[in-house]
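Visitor: Just the structure for this:
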Amino acid sequence: MRRSTSMMSRSVRLAAAVAALSGWASAQVDIGPQVRIDVAGGTFAANETTMAASDGNPLEIVGAWNDWRRSGGNEVINMGVALTLNGGVSWTDFLVRPPQANQSGVEGDPMTAADPRTGYLWVGAISFAGNGGIYVARKAPGAPNFEASVMARTTGGADKCWMAAGRAHDNPNATRVYIAYNEGVITSTDMGQTWGAPRSLGSGIGFLPRVGPNGELYVAYWDFGNGVLMRRSLDGGNTFTNAIRIATRLDTWGTQDGSRFPGNMRVPPMNYIAVDPNDGTLYCIYFDTTNRQNNNYNVDLYFCRSTDRGDTWTTPRVINGDGNPPGDQFWPWFEVDAEGRLHLTFFDSRHTNQNDNVTNGMFDNYYAISEDRGDSWIEFRLTPNSWNCNNDGLNRGQQFIGDYNGLAVAGDVVYPCYLSSQNGDPDIFTNLITVGGEPEPGACCFGDGSCADLLREDCAAQGGTWRFGTNCGAFSCPQPGACCLNDEDCESLIESQCLSSGGTFLGEGADCRHACPCDAIKKFRARCKDNGEIVAKVVYRDNSHDGEFVTISVDSQNFNVIVLNGKAKLFACCFAGGHTVQLVEPGCFDPINVGCP
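Guide: Numbers count the residues shown, from 1 in each chain. The predicted structure follows:
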């Protein structure tokens, strides 16, 4: 990286212009002001950030972090979550916890994911208890809140989880959600409601899943030694390759060791990968010791690339700028946008001349962008002044500022998510970083399936969903179809609207007329004849359900009855006294009490 700038808007625009003239970058980069997104957390400790968004729903962004706001005499850690529904104009923050039976006093290691196909968002974390484990909550596009969390895996041994969502390997119109952690990889095929058993990837930590453009699954991790490793799955996480070596570290240290950095906190050396959503190019960034100067370690960001799905990698090289004497750069997080640009955030100590053994380590947060597949970078300082890691909000023998950073990209806007104690206490911040030239119209999809080429802001104002990097001539908006609500009411909605309303989507173009199970039934009747025979009848509005079965129960005994000529008739013998007859499936009517002789 050849240049460093402050976060002031004028300096940012000037730096971007200089970069364009020198060939480093061609895009206009506008760094918006810092926005604190954990306001409800007050001055309590907060750290370990993550952020997710997608082009499929670019106005909705979610961030998460470890949050201490419920602490009293003892530490209580939960997952804090920030959500914007308007592209970062305003944020709300709140806690997301596991189901009550799985809650504990330590719920952390937050993770987020976004589905570029549907625009769904997920947050999750680990409840560190014997009855705890990994929990996940999802949010449908347009929904104001996250749904109740579910347990993805109940276990007392989970550690450091990350998640990802993307197209299924065998169906471009289906989504798979993955969570990777120390016990393996678990998969959901129903948008995060239920999860399979873990597929072990062996020993390691920091297992980070990423989904390629054709449903390829990549998981990077650190083996506790000198290995920057990855495994690949081409069948949706059912099987994985043996470990592939991305790079070999020059230096290594333990998960609790931070002696190579200013301050008194741990800095586990985990690895990070990202995938180009267009051509599948893989990128890896990790931090490692380059050399020692004046008895201080010089830790830098190393970058390498693969164009053959991870089989071979370029030689790692340092990509960050630095000071004199050099500082340390660590905890990178990066994403690749729809235009193939790489966006990176990280911690940096270059602005303070300090030794590794000082208590009050001073750091800044940086953003960097590359438009040439990582060959050259331009970077921007996000924090107005260096902040002190000793202001971590905790009373421990060792400082704790988390183990990683976060960043998300939605259309042409980048959202880094990071800790800074610039105000004297640990707060969580983001910036709205706009990348590109003059705004261009994109496809704006509406609930009736229509499309209009509008600017992003105009699309949002009219209630549409904006699609970055395309127009109505090249993009087919989702079309409405029958949405069954409570098995009876039917509305014509697009799939995301239907699911967010709790309905069942019957497919694009499906007609609402008699589409839902209960709406299709005209009446349900039951009686008992003089000979003790119970007769029950289901009458449909037409013959379109002929050949299907309904389930009718008499007391607790179920009978499967076929539909013929628009009717399903049950004859059951022989009964005496009172009995309850119920249409069990579909469950559309109240039970009927009948009396037999």
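Visitor: what about Ala520, how many neighbours?
Guide: Per other Cβ atoms under 10 Å, the neighbour tally for Ala520 reads 21. Placement of C-beta: from N, CA and C, glycine included.
Visitor: So it sits against His545, correct?
Guide: Yes. Ala520 sits in contact with His545 when judged by Cβ atoms under 8 Å, with a separation of 6.1 Å.
Visitor: now the helices for the stretch 101-250 of the chain?
Guide: Ranges of helices in the stretch 101-250 of the chain, per DSSP state H, counting those that start in this stretch: none exist.
Visitor: Where does the prediction get shaky in it?
Guide: Within the stretch 101-250 of the chain, no stretch has pLDDT under 70.
Visitor: Kindly report the same for the chain.
Guide: 1-26, 437-439, 468-469, 487-488, 500, 514-515.
Visitor: Show me the domain layout of it.
Guide: 9-435, 439-475, 479-519, 521-596 (automatic domain parsing).
Visitor: TSV please, covering those and showing mean neighbour count.
Guide: TSV is the format used below for the domains of the chain (neighbours: other Cβ atoms under 10 Å):
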stretch	mean neighbour count
domain 9-435	20
domain 439-475	17
domain 479-519	18
domain 521-596	16
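Visitor: What segments of the stretch 101-250 of the chain are strands?
Guide: Ranges of strands within the stretch 101-250 of the chain are 107-114, 121-127, 133-139, 150-154, 162-168, 171-181, 184-188, 205-211, 217-222, 227-233, 244-248, based on DSSP state E, counting those that start in this stretch.
Visitor: tell me the contacts of Arg541?
Guide: By Cβ atoms under 8 Å, 6 or more residues apart in numbering, Arg541 lies in contact with 514, 520-522, 566.
Visitor: brain fart, Glu585
Guide: For Glu585, the contacting residues are 550-551, by Cβ under 8 Å, 6+ apart.
Visitor: and if you look at Val35?
Guide: 88, 91, 429-432.
Visitor: Look up the closest residue to Ala572, ignoring the ones flanking it.
Guide: Using Cβ to Cβ, 6 or more residues apart in numbering and skipping the chain neighbours, the partner closest in space to Ala572 is Ile534 (4.7 Å).
Visitor: Also Ile562?
Guide: Spatial nearest neighbour of Ile562, chain neighbours left out: Phe549 (5.6 Å); criterion: Cβ to Cβ, 6+ apart.
Visitor: and the one you found, how far is that from Leu564?
Guide: Taking Cβ to Cβ, to the nearest Å as the measure, Phe549 falls 11 Å from Leu564.
Visitor: Gln34 now?
Guide: The spacing between Gln34 and Leu564, counted by Cβ to Cβ, is 69 Å.
Visitor: Same question for Asp489.
Guide: Counting by Cβ to Cβ, the gap from Asp489 to Leu564 is 27 Å.
Visitor: same check, this time on Ala576
Guide: For Ala576, the distance to Leu564 - Cβ to Cβ - is 30 Å.
Visitor: just Ala180 next, same as before
Guide: From Ala180 to Leu564 the distance is 51 Å (Cβ to Cβ).
Visitor: Please enumerate residues in contact with stretch 193-200?
Guide: Residues external to stretch 193-200 that are found in contact with it (Cβ under 8 Å, 6+ apart): 136, 138, 150, 152-153, 179, 181, 183-188, 237-240.
Visitor: so who does the residue nearest the centre of the chain touch?
Guide: What sits nearest the mean C-alpha location of the chain, by Cα atoms, centre = their mean, is Ala113, with 0.8 Å. By Cβ under 8 Å, 6+ apart, Ala113 lies in contact with 52, 121-122, 163-165, 177.
Visitor: give me that answer again for 7 Å
Guide: 52, 122, 163-165, 177 (Cβ atoms under 7 Å, 6 or more residues apart in numbering).
Visitor: again with Cys445
Guide: Applying Cβ under 7 Å, 6+ apart to Cys445 gives the contacts 451, 464-465, 467, 477-478.
Visitor: Do I have it right that Ser421 meets Trp387?
Guide: Yes. Counting by Cβ atoms under 7 Å, Ser421 touches Trp387, with 4.4 Å between them.
Visitor: got a list of contacts for stretch 39-49?
Guide: 38, 63, 65-69, 71, 80, 93, 108, 110, 392-394, 400-406, 417-419, 425-428.
Visitor: Please narrow those residues to those residing in strands.
Guide: Per DSSP state E, strands hold the following members of these: 63, 65-67, 80, 93, 108, 110, 406, 417-419, 427-428.
Visitor: out of the residues you listed, who's nearest Phe363?
Guide: Checking those against Phe363 with Cβ to Cβ, the nearest one is Leu419 at 9.2 Å.
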